[in-house]
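> fold the following for me, if possible:
(2 chains)
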Amino acid sequence: GENVEQHPSTLSVQEGDSAVIKCTYSDSASNYFPWYKQELGKRPQLIIDIRSNVGEKKDQRIAVTLNKTAKHFSLHITETQPEDSAVYFCAASMSYGQNFVFGPGTRLSVLP
Amino acid sequence: EAQVTQNPRYLITVTGKKLTVTCSQNMNHEYMSWYRQDPGLGLRQIYYSMNVEVTDKGDVPEGYKVSRKEKRNFPLILESPSPNQTSLYFCASSFQDNEKLFFGSGTQLSVL
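Just a heads-up that it's a prediction; the model follows:
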């Protein structure tokens, strides 16, 4: 089955700097790659996603890149702010009812 | 308001006492799923359902049961809970599989 690895497990950056979180997946049939943000004590919420027919997607300060050949995808956050502090999860899934597999998460701390 | 409603929010029980965690969505979503969240392990899928009367195992189904008799409801049943099922549980739904997941508020379960 699918296996998703995520690095780093913790990340601290200064406010205004960029943050990059990387994920790798094992099953080349996976075609949907979302990123979820979970603030302390809250539910996960989707912040951006990408499908396998696209190499990059951007939404304001957040971008995701996908390399299908290498089977990895990355989350990029620019101009980080204290409210970006949270746990971020990547995930991979494929069509037609297969498992939705999450990475173990990255705890991002944005220091003022 | 479009939402996924999960109850209870907190639950403390003893080993072997059957319990049910309810999940209901009002968005007419076809796809529903259950996850458990444990430190360092991310979100692991327990069961998922593509539609009414269609359910399938995720990565960690042992000790759990589900049913999907109505489109809006997807309860999680622990027939004989054990301490290793102490965890934070999330229900989620989406319009179809491979789409954005909407999460419930979570259920913190402690099995003594």
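> B:Leu101: neighbour count?
27 (other C-beta atoms under 10 Å in any protein chain shown). C-betas here are computed from N, CA, C, even on glycine.
> do I have it right that it meets B:Phe90?
No: the pair formed by B:Leu101 and B:Phe90 falls short of the contact definition of C-beta atoms under 8 Å, at 9.1 Å.
> is any part of stretch A:42-56 close to chain B?
Yes: using C-beta under 8 Å from any C-beta of the partner chain, stretch A:42-56 comes into contact with chain B via A:43-46, A:49.
> dump these to CSV, plus secondary structure.
CSV is the format used below for the residues of stretch A:42-56 next to chain B (DSSP: H, G, I helix; E, B strand; the rest coil):
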residue, secondary structure
A:Arg43, coil
A:Pro44, coil
A:Gln45, strand
A:Leu46, strand
A:Asp49, strand
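> and for B:Leu101 and B:Phe90, which residues touch both?
Jointly contacting B:Leu101 and B:Phe90 under the rule C-beta atoms under 8 Å, 6 or more residues apart in numbering or on different chains are A:Pro44.
> just send the residues of stretch A:42-56 next to chain B back as a markdown table, with neighbour count and pLDDT too.
Formatted as a markdown table, these follow (neighbours: other C-beta atoms under 10 Å in any protein chain shown; pLDDT from 0 to 100):
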| residue | neighbour count | pLDDT |
| --- | --- | --- |
| A:Arg43 | 18 | 97 |
| A:Pro44 | 28 | 97 |
| A:Gln45 | 14 | 96 |
| A:Leu46 | 16 | 96 |
| A:Asp49 | 19 | 95 |
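> grab the nearest non-local neighbour of the residue nearest in space to the middle of chain B.
What sits nearest the mean C-alpha location of chain B, by C-alpha atoms, centre = their mean, is B:Trp34, with 3.2 Å. Among residues not flanking B:Trp34 along the chain, B:Ile46 sits closest, at 4.3 Å (C-beta to C-beta, 6 or more residues apart in numbering or on different chains).
> same deal with B:Thr107?
B:Tyr89 (4.6 Å).
> can you pull the contacts of the one you found?
Taking C-beta under 8 Å, 6+ apart as the test, what B:Tyr89 contacts is B:6, B:21, B:34-37, B:46, B:76, B:106-109.
> those residues of chain A touching chain B, which are they?
Near chain B, when you scan chain A using C-beta under 8 Å from any C-beta, you find A:1, A:6, A:9, A:31-32, A:34, A:36, A:43-46, A:49, A:89, A:91, A:93-105.
> wait, a strand at the residue nearest to the centre of chain B?
Yes: B:Trp34: assigned to a strand according to three-state DSSP.
> what are the ranges of the helices in chain A?
For chain A, applying DSSP state H gives no helices.
> flag the shaky bits of it, pLDDT-wise.
Chain A contains residues with pLDDT under 70 at A:96-98.
> how does it look with 80?
Scanning chain A for pLDDT under 80 picks out the ranges A:95-99.
> relative to A:Asp17, which of the residues of stretch A:42-56 next to chain B is nearest.
Checking the residues of stretch A:42-56 next to chain B against A:Asp17 by C-beta to C-beta gives A:Gln45 as the nearest, at 23.1 Å.
> I'm done for today, thanks for sticking with me.
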